[in-house]
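K.L.:
Have a look at this prediction, sequence included:
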Amino acid sequence: MNMLELIDKKKRNNSLTEEEIQYMITNYTNDDIPDYQMSSMLMAILINGMNDNETAWLTKAMVDSGDVIDLSSIEGFKVDKHSTGGIGDKISLLVAPILASLNIPVAKMSGRGLGITGGTVDKLESINGFHVELESEEFIKQVNEHKIAIVGQSGNLTPADKKLYALRDVTGTVDSIPLIASSIMSKKIASGADGIVLDVKCGKGAFMKDLEHATELASTMISIGENLGRKVAVVITDMNQPLGHNIGNKLEVAEAHDFLSNYKESEQGLLDVTIAISSKMYQLATGVNEEEAERKVVETLSNGAALDKFKEFITAQGGDSTDIIAKNTKHQIEVKALNDGYIQLIDAEMIGKSSLLIGAGRLTKADILDFDAGVKIVALTGQQVKKGDTLAILYSNKDEVTESVKLIEDAYTITNAEPVKKNSILKIM
Ligand code: URA
């Protein structure tokens, strides 16, 4: 068996066997298959897809590429969540302390930014001193002591996904259902949680652009969970427009802090998705009904316990819990409305590209992030604006921002028609 034969097989749209998938993942993890061959395979998978068996074998091979954390020494039902990736998606920074403050242990492994979407690990690393690399024992100890830990793919957990994720990010091979499903589920299975809530993003700023594909991705991940003995629930949420007001690593940490300080002032979509995901996680862990789960979530937000937990968590992982405000960037460019009217849509994909270009995300594997760069959405969907009003502010340390500014201008659709309110929660599975 060799990689060239396997690429050829997938290129001709034939199915790979379990043994072939295992061979490919083991040898790629050990650096015996080079990036250029794996890139070619990833593109063949993206174009020709994988059947359910191939996807399950790929997930299993990725889990087997490294250690699997045994969380059995942590008392209680361990619950985890994962998003398929969005713009301004800071939900993990919110739901993890919410659940932990309700005494539900959250042992979470998160990812870095991918394509135009941000990643929780990058956001957390924007906090001075915060470290995301905990060995398994430290990870377990922290969950036992604080009920919350969020780590990157450190140590030897799913090293195959770690390599593949970074490669997909820069080879145009992200938006494939089997690759996304196996990437997410391998991490979730290796990090040992009993129950997993998946936030499948759907719309212009998501890898799944419509409800049909989002549902297909959700079903694929539910079936992987069933095969591998994990309780999985899915909430499909809207990602046509960014979540909340801020896009960019440090800006999003600050927004998470503000949300936990006063959730009533938050942007509606961010609030709805946070409540839906936290309640689902609480329900999975405790078995209470939806109404009771929501009541508990709102209670912990209202009494300040979730905010206290957020600060405790940052400190426990070495971070400075007072370092939550983005530094002033060299340029702050106000993007103005080009006409009067109502804001119908703020295109999440364009906002994501705009912030990526100014360094909030990576264009190549070697890129170093600018944690303070990003976009603040000032005028939200549904709002009435006049020509010349400020729509958004671009925070950039780069001097060349023409394309980023143009992308923000183009992201706004402003017309005379009064917009119809859209729901952020599209489907619960
Ligand atoms: N999140 C992941 O962890 N992997 C993907 O492929 C996409 C989103």
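P.N.:
Nice, thanks for sending it over.
K.L.:
Around the ligand, pick out the residues from the stretch 101-250 of the chain.
P.N.:
Applying Cβ under 6 Å from any ligand atom, we find that the stretch 101-250 of the chain lies next to the ligand at Gly111, Leu114, Leu179, Ile180, Ser183, Ile184, Lys187. In this view, the C-beta of every residue, glycine as well, is placed from N, C-alpha and C.
K.L.:
Of those residues, just say which sits nearest to Asn53.
P.N.:
Leu179 (15.5 Å; Cβ to Cβ).
K.L.:
so what's the closest one up against?
P.N.:
Leu42, Ile45, Leu46, Leu164, Arg168, Thr173 (Cβ atoms under 8 Å, 6 or more residues apart in numbering).
K.L.:
likewise Pro242?
P.N.:
Contact analysis of Pro242 by Cβ under 8 Å, 6+ apart lists Gly86, Ile87, Gly88, Gly205, Ile346, Ala348, Ile351, Gly352, Val375, Ile377.
K.L.:
mind running it again at 7 Å?
P.N.:
Ile87, Gly88, Gly205, Ile346, Ala348, Ile351, Ile377 (Cβ atoms under 7 Å, 6 or more residues apart in numbering).
K.L.:
what's the answer for Tyr28, then?
P.N.:
Neighbours of Tyr28 in contact, by Cβ under 7 Å, 6+ apart: Met38, Ala160, Lys163.
K.L.:
Kindly report the same for Thr59.
P.N.:
Ser182, Met185, Ser186, Ile224.
K.L.:
ok, how many other residues are close to the second one?
P.N.:
Here the number of neighbours of Met185 (other Cβ atoms under 10 Å) works out to 31.
K.L.:
Next SSE downstream of the helix or strand encompassing it?
P.N.:
Taking DSSP states H and E as the definition, Met185 sits inside helix 177-190. Per DSSP H and E, helix 177-190 leads on to strand 195-202 as the next helix or strand towards the C-terminus.
K.L.:
so what does that next one touch, helix or strand wise?
P.N.:
Contacts defined by 3 or more Cβ pairs under 7 Å, 6 or more residues apart in numbering; DSSP states H and E place strand 195-202 against strand 79-83, helix 211-227, strand 231-238, helix 268-286.
K.L.:
about what we covered before: next, the angle from the helix holding Met185 to strand 195-202.
P.N.:
150 degrees (axes from the mean of the first three to the mean of the last three Cα atoms, to 10 degrees).
K.L.:
And Ala392, how close does it get to Ile325?
P.N.:
19 Å (Cβ to Cβ, to the nearest Å).
K.L.:
what does Ala360 give?
P.N.:
Distance from Ala360 to Ile325, by Cβ to Cβ: 16 Å.
K.L.:
and what of Asp67?
P.N.:
Asp67 is 37 Å from Ile325, where distance means Cβ to Cβ.
K.L.:
Between these two, which is the more surrounded one?
P.N.:
Neighbours were counted for Asp67 and for Ile325 using other Cβ under 10 Å; Asp67 has more, 17 against 12.
K.L.:
What about Ser73, how many residues nearby?
P.N.:
The number of residues packed near Ser73 is 10, by other Cβ under 10 Å.
K.L.:
so it sits right up against Glu137, yeah?
P.N.:
No - look at Ser73 against Glu137 with Cβ atoms under 7 Å: they stay out of range, at 9.7 Å.
K.L.:
Who are the contact partners of the spatially closest residue to Met221 that is not a sequence neighbour?
P.N.:
In this structure, Met221 finds its nearest non-sequential neighbour in Ala181, 4.9 Å apart by Cβ to Cβ, 6 or more residues apart in numbering. The contact partners of Ala181, by Cβ under 7 Å, 6+ apart, come to Thr55, Leu217, Thr220, Met221, Ile224.
K.L.:
Can you report how many residues lie near the residue in the chain that the ligand sits nearest to?
P.N.:
Residue nearest to the ligand within the chain: Ser183 (3.5 Å; Cβ to the nearest ligand atom). Other residues within reach of Ser183 by the criterion other Cβ under 10 Å amount to 26.
K.L.:
Excluding covalently adjacent residues, which one is nearest to it?
P.N.:
Using Cβ to Cβ, 6+ apart, the closest residue to Ser183 is Asp161 (5.2 Å).
K.L.:
cool, Asp35 as well?
P.N.:
Leu167 (5.7 Å).
K.L.:
Could you give the average pLDDT over stretch 166-184?
P.N.:
Stretch 166-184 carries an average pLDDT of 93.
K.L.:
Show me what counts as buried in it.
P.N.:
By neighbour count on 16 or more other Cβ atoms under 10 Å, the buried set for stretch 166-184 is 166-171, 173-184.
K.L.:
before we move on, what about stretch 313-332?
P.N.:
Under 16+ other Cβ under 10 Å, the buried positions of stretch 313-332 are Phe313, Ile314, Ala316, Gln317, Gly319, Ser321, Asp323, Ile324, Ala326, Thr329.
K.L.:
give the contact list for the second one.
P.N.:
Pointing back at Ile314 there. Ile127, Phe130, Ser321.
K.L.:
could you redo the last one with a cut-off of 10 Å?
P.N.:
93, 97, 124, 127-130, 253, 257, 320-324 (Cβ atoms under 10 Å, 6 or more residues apart in numbering).
K.L.:
for those, which one is nearest Gly269?
P.N.:
Distance to Gly269 across these (Cβ to Cβ) is lowest for Leu93, with 15.5 Å.
K.L.:
Against Asn246, how distant is the closest one?
P.N.:
11 Å.
K.L.:
State the number of residues packed around Asn2.
P.N.:
Number of residues near Asn2 (other Cβ under 10 Å) recorded here: 11.
K.L.:
per-domain residue ranges of the protein.
P.N.:
3-49, 79-316, 331-415 (automatic domain parsing).
K.L.:
Compute the first-to-last residue distance for the second one.
P.N.:
Taking Cα to Cα, to the nearest Å, the first and last residues of domain 79-316 lie 19 Å apart.
K.L.:
now do the shortest one
P.N.:
The distance separating the two terminal residues of domain 3-49, taken as Cα to Cα, comes to 18 Å.
K.L.:
Give me the spatial nearest neighbour of the residue sitting furthest away from the middle of the chain, chain neighbours excluded.
P.N.:
The centre of the chain is farthest from one residue, Met1, which by Cα atoms, centre = their mean lies 35.8 Å away. Closest residue to Met1 apart from its sequence neighbours, by Cβ to Cβ, 6+ apart: Tyr23 at 5.4 Å.
K.L.:
so who does the one you found touch?
P.N.:
Tyr23 is in contact with Met1, Asn2, Met3, Leu6, Leu16, Thr17, Asp32, Ile33, Ala61, counting by Cβ under 10 Å, 6+ apart.
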